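S.K.: What follows is a predicted structure for the sequence shown.
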Amino acid sequence: DTAVSQTPKYLVTQMGNDKSIKCEQNLGHDTMYWYKQDSKKFLKIMFSYNNKELIINETVPNRFSPKSPDKAHLNLHINSLELGDSAVYFCASSAQETQYFGPGTRLLVL
Amino acid sequence: SQQGEEDPQALSIQEGENATMNCSYKTSINNLQWYRQNSGRGLVHLILIRSNEREKHSGRLRVTLDTSKKSSSLLITASRAADTASYFCATGFDSGNTPLVFGKGTRLSVIA
């Protein structure tokens, strides 16, 4: 009974490619997030969605485009991948203050 | 910009000892949360303390919050090898669904 799931778990790809990461939550939460964790373990918010509507879009390159087909799903599409995009991407959801995180997607751009 | 700063960056203790981690932040908050991240895994919520609370307990965890000093501490008592993980503080700015601002974390190693 995974609460927040992400696919794929690992993603290795070449510079310039386009890739997508999927996230699903079965907790019935209205709000979902994407965070990026860099090699120094620093976690930073990228996007926040509430009931399929974009609420927050931090200073993220427009190569990153989130899409929420319904409130249980928040996918992240990345165009023209760059070396600096290598990181671990975490999806999370919340009903109130506490957030529930997925296991992460480890992206390596070569 | 980054809100939370954990201290120390790394901590190594013997099983059975207590572990104390500190977090400082810069702006006013509604709540402060602590999360644990095991190696290669996602973050797991441990405990939340609101800005009008000073201390909170959950099992072997004790959290304090000093809003005048903009700081919090997490105490893990009687540590176990399974407590080995990175611990992050995260600040929330209202009581609703808003993104958290995380510190860089403290890497705790508990040696059996």
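M.R.: Here it is on my side, so go on.

S.K.: Flag the shaky bits of the chain, pLDDT-wise.
M.R.: Since you didn't name a chain, this refers to chain A. The model of chain A has pLDDT under 70 over residues A:1-2.

S.K.: ah, I was thinking of chain B
M.R.: Scanning chain B for pLDDT under 70 picks out B:1-4, B:95.

S.K.: near chain A, which residues of it?
M.R.: B:2, B:30-31, B:33, B:35, B:37, B:40-45, B:48, B:86, B:88, B:92, B:95-102, B:104-105 (C-beta under 8 Å from any C-beta of the partner chain). C-betas here are computed from N, CA, C, even on glycine.

S.K.: Put the buried members of these into a ChimeraX selection.
M.R.: Of the residues of chain B next to chain A, the buried ones go into a single ChimeraX selection, burial set by 16 or more other C-beta atoms under 10 Å in any protein chain shown:
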select /B:31,33,35,37,42,43,45,48,86,88,92,97,98,99,100,101,102,104,105
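
S.K.: now, which of the residues of chain B next to chain A lie within strands?
M.R.: Among those, the subset assigned to strands under DSSP state E consists of B:31, B:33, B:35, B:37, B:43-45, B:48, B:86, B:88, B:92, B:101-102.

S.K.: Which two of those have the greatest separation?
M.R.: Spatially, the most separated pair among those is B:31 and B:86, at 20.5 Å (C-beta to C-beta).

S.K.: Can you classify residue B:52 as helix, strand or coil?
M.R.: Classification of residue B:52 by DSSP: H, G, I helix; E, B strand; the rest coil places it in coil.

S.K.: For residue A:7, which non-adjacent residue is closest in space?
M.R.: Spatial nearest neighbour of residue A:7, excluding adjacent residues (C-beta to C-beta, 6 or more residues apart in numbering or on different chains): residue A:22 at 5.0 Å.

S.K.: hang on, isn't the one you found packed against residue A:11?
M.R.: No: taking contacts as C-beta atoms under 8 Å, residue A:22 lies outside contact range of residue A:11: 11.1 Å.

S.K.: now the strands: where do they sit in chain A?
M.R.: Under DSSP E, chain A gives strands at A:4-7, A:10-13, A:19-25, A:31-37, A:43-50, A:53-57, A:64-70, A:73-78, A:87-94, A:99-101, A:105-109.

S.K.: Dump those strands to JSON lines, plus distance to residue B:19.
M.R.: Below are the strands of chain A laid out as JSON lines (distance: least, C-beta to C-beta, whole Å):
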{"stretch": "strand A:4-7", "distance to residue B:19": "27"}
{"stretch": "strand A:10-13", "distance to residue B:19": "31"}
{"stretch": "strand A:19-25", "distance to residue B:19": "31"}
{"stretch": "strand A:31-37", "distance to residue B:19": "22"}
{"stretch": "strand A:43-50", "distance to residue B:19": "21"}
{"stretch": "strand A:53-57", "distance to residue B:19": "33"}
{"stretch": "strand A:64-70", "distance to residue B:19": "37"}
{"stretch": "strand A:73-78", "distance to residue B:19": "35"}
{"stretch": "strand A:87-94", "distance to residue B:19": "24"}
{"stretch": "strand A:99-101", "distance to residue B:19": "22"}
{"stretch": "strand A:105-109", "distance to residue B:19": "28"}
